[in-house]
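1. got a predicted model here, sequence first, then my questions.
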Amino acid sequence: MNDGPGIGGDAPGGSASDADAVPADADAASEDADTAPADAVPDDEREALLTIAGGAVITAGGVSGQRALTAATEFALTRGLGPTAYGVYALAWRIAQLLSRLVTFGSVPALQRYLPEYADDPERQGVVAGLAYATTLAFGVAIAAGIWLAAPRIDALTVDDPAFPPTMRAFGLLVGLLGVVMVASAIFRAVGSARGEIAFNKLLRPVVRLVGAVAALALGYSVVGVAGGIVVATALLAAVAAPLAARVTGVVPSLRGIRREAGRFYNHAAPVAMSSLGKVFQNRVDVLLVGALLTATAAGVYNVVLVLIAIAWIPLLSFNQLLPPVASDLYADGRTETLNAVYASVTRQIVATVIPILAVLVVFGRELLGLFGDPYVAGYVPLVVYLGGVFVGSAVGATGWLLMMTDHQYARMALDWLLAALNVALTYAFVVRYGLVGAALGTSLAIAVQNAIQVVLLRYFEGLWPFDRTYLTPLAAGGVTLLAMRAIREVVPGRAAVVVGTAGGLAVYAATLHAIGVDPRDRLVVRELAGRYRAILAERFGR
């Protein structure tokens, strides 16, 4: 996100003339990408692509580790608590996750926006970081108090289980602690340190959750004790994260001079916070409605579906790791044509990466859900329905981040709230009529509609457009891969089909991409990063 046109002054605006001037050049650049050799990629575009892709590689490893740890936690809890108690835990945990999206009050995107801009002014960077921490702590206390009072009422409206109120109250304390870790991680990310952000936000957070949960189960505690164990472990992480982030990045939080920065900070953060609140109702109302309208067991099944869905979001999250600061820098310098070329290339790379993941989940979803226990296989159809929204959200790339990084945060806020209201009504009707499938359908439609509108808004405001004919290559390869995996599933019995089908499908996908032809920019990224990591390995192992 950005401040308004009147603040900062030198950022390009979103006038119609500006928007109209870019598409022709951008489309021409997209067409040239089909035939241009890799060494013909402009230097600024090359640098941006390698920065984003390098961050994506690191992030993908970290996020994959996060997802594996999350799956391990859910596996331990499904087996250790049983379907009903796990459903109580799942609903309380998901509500806490929703609130953790609000607790920073837009501070995380504000850090991405202003820390790169203030790179030459450590004092202003410190004030921005101080505002982020202070805002998060204040909202964390308010949320914890609200949850403490509201927990019995939430229980009465949802699962109606005596274990829910104390579990929910414990997770109310967790929200502010998660916010502190998120702000510390965002500082690493804003200064270009993907490793620091990955270590705290993607790895240590799920590690402490797993340790806290497993320790509570080992001590014989049920769902309330599990929640308490997770809170204690997260508190220890939060106590380490903030000072370590300041020491490593050099961004030392300070509240001196906040009056000078507060207006600009909250002008950016406030609409983002309102967007986040809208997105809770837009993309996560399904969790609340499943708890309110269905059973605790259904809430547990849906939570396991979301665990698998989280795997499909890895490519988008990975490429978006360093895209915001890169986009902010390009936009601030007026290099919109380069920004469009980078956006198009990164979006194509996201699609190429997510397609085999979607194929695995669609073909082998029943077997994967069955790993958590037989009751969870009932989530297969909701899983497939939800994956439709994941595909659309990935297929248009970082539309939300780009709107925020090009000073259109208010447009995104308005869109979030418009679609939130629509989604609440639709998802309620779908859940009442179709149960778990309806919950997935409502959220999938919300994701698809929001991203479709956002990509149109980017075209209108800034002339950014990610699509050209090279986009069809991963789609065609994905179709062949899906057919190959389905064929393997028919031949190989049981869960062995997951391993054989995944390996065989990936081989088919890679071969099909090679046969069709890979875009020169994608070859550049693969070649450069492969060379970089070969050199690192050779140096490390003395070869």
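-> Received, thanks.
2. got the domain ranges for this protein?
-> 1-75+284-543, 82-270 (automatic domain parsing).
3. save those as JSON lines, and put in mean neighbour count, mean pLDDT and distance to residue 278 too.
-> Backbone N, C-alpha and C define where each C-beta goes, glycine included. Shown next, in JSON lines, are the domains of the chain (neighbours: other Cβ atoms under 10 Å; pLDDT from 0 to 100; distance: least, Cβ to Cβ, whole Å):
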{"stretch": "domain 1-75+284-543", "mean neighbour count": "19", "mean pLDDT": "81", "distance to residue 278": "3"}
{"stretch": "domain 82-270", "mean neighbour count": "21", "mean pLDDT": "88", "distance to residue 278": "11"}
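4. nearest to residue 276, out of those domains?
-> The stretch from these with the least distance to residue 276 (Cβ to Cβ) is domain 82-270; that distance is 5.1 Å.
5. that closest one: how far from the chain's middle?
-> Relative to its chain's centre, domain 82-270 lies at 15 Å (Cα atoms, centre = their mean, to the nearest Å).
6. then stretch 299-317?
-> Between the centre of stretch 299-317 and the centre of its chain there are 11 Å (Cα atoms, centre = their mean).
7. swap in stretch 377-386?
-> Relative to its chain's centre, stretch 377-386 lies at 20 Å (Cα atoms, centre = their mean).
8. please shift the residue numbers so they start at 666 in all later answers.
-> With 666 as the first residue, the last one maps to stretch 1042-1051.
9. alpha carbons of it, as PDB, please.
-> The C-alpha coordinates for stretch 1042-1051 follow below in PDB (Å, rounded to 0.1, in the frame of the first residue of the first chain):
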ATOM      1  CA  VAL A1042     -12.100 -38.200   3.900                       C
ATOM      2  CA  ALA A1043     -15.500 -36.500   3.900                       C
ATOM      3  CA  GLY A1044     -13.700 -33.300   3.100                       C
ATOM      4  CA  TYR A1045     -12.600 -34.300  -0.400                       C
ATOM      5  CA  VAL A1046     -15.400 -32.600  -2.400                       C
ATOM      6  CA  PRO A1047     -15.000 -29.300  -0.400                       C
ATOM      7  CA  LEU A1048     -11.200 -29.600  -1.000                       C
ATOM      8  CA  VAL A1049     -11.600 -29.800  -4.800                       C
ATOM      9  CA  VAL A1050     -14.200 -26.900  -4.800                       C
ATOM     10  CA  TYR A1051     -11.800 -24.700  -2.800                       C
END
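10. need the contact partners of it.
-> 966-967, 969-970, 973-974, 1026-1027, 1030-1031, 1034-1035, 1101-1102, 1104-1106, 1108-1109 (Cβ atoms under 8 Å, 6 or more residues apart in numbering).
11. Three-state assignment for residue 1183, please.
-> Classification of residue 1183 using DSSP: H, G, I helix; E, B strand; the rest coil returns coil.
12. kindly provide the distance from residue 775 to residue 758.
-> Per Cβ to Cβ, to the nearest Å, residue 775 is found 27 Å from residue 758.
13. picking up where we left off before, so which of the contacts of stretch 1042-1051 belong to helices?
-> 966-967, 969-970, 973-974, 1026-1027, 1030-1031, 1034-1035, 1101-1102, 1104-1106, 1108-1109 (DSSP state H).
14. spit out the contact partners of residue 841.
-> 768, 801-802, 804-806, 808-809.
15. dump the residues you listed to CSV, plus distance to residue 1178 and secondary structure.
-> Formatted as CSV, those follow (distance: Cβ to Cβ, whole Å; DSSP: H, G, I helix; E, B strand; the rest coil):
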residue, distance to residue 1178, secondary structure
768, 42, coil
801, 43, helix
802, 48, helix
804, 46, helix
805, 46, helix
806, 51, helix
808, 46, helix
809, 49, helix
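16. contact partners for the residue nearest the centre of the chain?
-> The residue lying closest to the centre of the chain (Cα atoms, centre = their mean) is residue 982, at 4.6 Å. Going by Cβ under 8 Å, 6+ apart, residue 982 touches 724, 728.
17. picking that back up, which one of the contacts of residue 841 is nearest residue 1119?
-> Taking the contacts of residue 841 together and measuring to residue 1119 by Cβ to Cβ, the closest member is residue 768, at 24.3 Å.
18. what's the closest non-adjacent residue to the closest one?
-> Spatial nearest neighbour of residue 768, chain neighbours left out: residue 844 (3.8 Å); criterion: Cβ to Cβ, 6 or more residues apart in numbering.
19. wait, isn't that neighbour in contact with residue 805?
-> Yes - between residue 844 and residue 805 a contact is recorded at 5.2 Å, counting by Cβ atoms under 8 Å.
20. mutual contacts of those two, please.
-> By Cβ under 8 Å, 6+ apart, the residues touching both residue 844 and residue 805 are residue 768.
21. give the contact list for residue 913.
-> Contacts of residue 913 by Cβ under 8 Å, 6+ apart are 853, 858, 861.
22. element containing the first one?
-> Taking DSSP states H and E as the criterion, residue 853 maps to helix 829-855.
23. out of the domains of the chain, nearest to residue 942?
-> With Cβ to Cβ as the measure, domain 747-935 is the member of those nearest residue 942 (5.9 Å).
24. need the distance between the two termini of the closest one.
-> End-to-end distance for domain 747-935: 41 Å, by Cα to Cα, to the nearest Å.
25. which residue is the nearest non-sequential neighbour of residue 720?
-> Spatially, and ignoring its direct neighbours in sequence, residue 720 is nearest to residue 987 (3.4 Å; Cβ to Cβ, 6+ apart).
26. quick one: the one you found and residue 717, what's the gap?
-> 5 Å.
27. also residue 1057?
-> From residue 1057 to residue 717 the distance is 21 Å (Cβ to Cβ).
28. next: residue 1178.
-> Residue 1178 is 20 Å from residue 717, by Cβ to Cβ.
29. can you check residue 1108 too?
-> Per Cβ to Cβ, residue 1108 is found 27 Å from residue 717.
30. do residue 1074 as well
-> From residue 1074 to residue 717 the distance is 21 Å (Cβ to Cβ).
31. ditto for residue 1153
-> Taken as Cβ to Cβ, the span from residue 1153 to residue 717 is 34 Å.
32. ok, residue 1107 next?
-> Relative to residue 717, residue 1107 is positioned 32 Å away (Cβ to Cβ).
33. and if you look at residue 1187?
-> Noted for residue 1187: a distance of 13 Å to residue 717, by Cβ to Cβ.
34. ok, residue 917 next?
-> As judged by Cβ to Cβ, residue 917 and residue 717 stand 28 Å apart.
35. before we move on, what about residue 727?
-> Here the criterion is Cβ to Cβ. By it, residue 727 lies 15 Å from residue 717.
36. show me the longest helix that occurs in this structure.
-> helix 708-746.
37. what angle separates that one from helix 829-855?
-> 160 degrees (axes from the mean of the first three to the mean of the last three Cα atoms, to 10 degrees).
38. next, the angle helix 708-746 makes with the helix or strand following helix 708-746.
-> Using DSSP H and E, the helix or strand that follows helix 708-746 towards the C-terminus is helix 748-765. Here helix 748-765 runs at an angle of 150 degrees relative to helix 708-746 (the same axes, to 10 degrees).
39. which strands or helices does helix 748-765 pack on?
-> helix 708-746, helix 787-822, helix 829-855, helix 888-914, helix 950-958, helix 961-977 (3 or more Cβ pairs under 8 Å, 6 or more residues apart in numbering; DSSP states H and E).
40. quick one: contacts of the helix or strand that that helix is followed by?
-> Where DSSP H and E defines the elements, the next helix or strand beyond helix 748-765 is helix 772-782. Contacts to helix 772-782, defined as Cβ under 8 Å, 6+ apart, come from residues 666-667, 789-790, 793-794, 796-797, 800-801, 847-848, 851-852, 854-857, 916, 929-930, 933-934, 937, 989-990, 993-994, 997, 1069-1070, 1074.
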